[in-house]
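Undergrad: predicted structure and sequence below. I'll ask about it afterward.
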Amino acid sequence: MVQLNASFRGSISSWEVAGGIIVQMNGWQRLWVVASVLSLVAIAAIVFSDLRSADEIEDVAYHTQRLAKEVTVTEIAGLGSVNFPDDLTKEEIANHVKRGMSTSPPTVVAIAQGLLDLRAQRASALARARNRLAHSQNQTAWAFGVGGWLAFIVGLYLSGWALGWVRRGFRAT
């Protein structure tokens, strides 16, 4: 790890680094360091403000309880009221009742409960998929942010170096 000592050598642009190496930075290099730090802060703020939330609840029991309110109550002779998911049409409910009543003993209640459980499992799986997608998008955003920042600071440094090289070529020796 590089540690900076508080001792200066000759001017404020020279720093003695641990190990006796003198690091000198001219004004343009210092300006590049400042621009690099400021651009890093800006990129981090932009990426952070655009992050996706990955906090959907994935618990099947939670979705079972949440979706229990979204049911269609159907009265069936000999069985009483049976709860079906409210996203089923009347024809779909009638088909399930017909199928369930054709067995002995009738399995309409089990079929209805199975449909409710399946809907809760689907909601849980969708929440899990959305959380994974958000996590993946966040990683991609950070990767692009860091990559863009690195490209910017390297490009800025190389542009400054090239400009200085051209300027030095016009000076009389």
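TA: Yes, it's here. Numbering: from 1, shown residues only.

Undergrad: going forward, measure contacts between C-alpha atoms and count neighbours the same way
TA: Noted.

Undergrad: count of neighbours near Ser124?
TA: 21 (other Cα atoms under 10 Å).

Undergrad: confidence score at it?
TA: Predicted confidence (pLDDT) at Ser124: the value is 92.

Undergrad: now name the helix or strand holding it.
TA: Applying DSSP states H and E as the criterion places Ser124 in helix 108-170.

Undergrad: and that helix, how far from the chain's centre?
TA: Helix 108-170 has its C-alpha centroid displaced from the chain centroid by 6 Å (Cα atoms, centre = their mean, to the nearest Å).

Undergrad: mind checking which helix or strand of the chain has the lowest mean pLDDT?
TA: strand 4-9 (a mean of 49; mean pLDDT, DSSP states H and E).

Undergrad: sketch out the low-pLDDT regions of the chain for me.
TA: When residues are selected by pLDDT under 70, those of the chain lie in 1-20, 22, 103-106, 172-173.

Undergrad: who touches the residue minimising distance to the centre of the chain in this structure?
TA: In the chain, the centroid-proximal residue (Cα atoms, centre = their mean) is Asn138; its distance is 2.8 Å. Listed by Cα atoms under 8 Å, 6 or more residues apart in numbering, the contact set of Asn138 reads Leu51, Arg52.

Undergrad: okay, it and Ala54: tell me how far apart.
TA: 9 Å (Cα to Cα, to the nearest Å).

Undergrad: same thing with Tyr62?
TA: 17 Å.

Undergrad: for Trp32, same thing?
TA: Relative to Ala54, and taking Cα to Cα, Trp32 is found at 36 Å.

Undergrad: cool, and His63?
TA: His63 is 17 Å from Ala54, by Cα to Cα.

Undergrad: more neighbours: these two, which one.
TA: His63 (20 against 17).

Undergrad: ok, and the closest non-adjacent residue to the more buried one?
TA: Ala120 (5.0 Å; Cα to Cα, 6 or more residues apart in numbering).

Undergrad: what's near enough to touch that neighbour?
TA: Val60, Ala61, His63, Thr64, Leu67.

Undergrad: out of the residues you listed, which end up buried?
TA: Val60, His63, Thr64, Leu67 (16 or more other Cα atoms under 10 Å).

Undergrad: in helices only, show me those residues.
TA: Counting by DSSP state H, these place Val60, His63, Thr64, Leu67 in helices.

Undergrad: hang on, the first one packs against Ser124?
TA: Yes. In this structure, Val60 is within contact of Ser124 by Cα atoms under 8 Å, at 5.5 Å.
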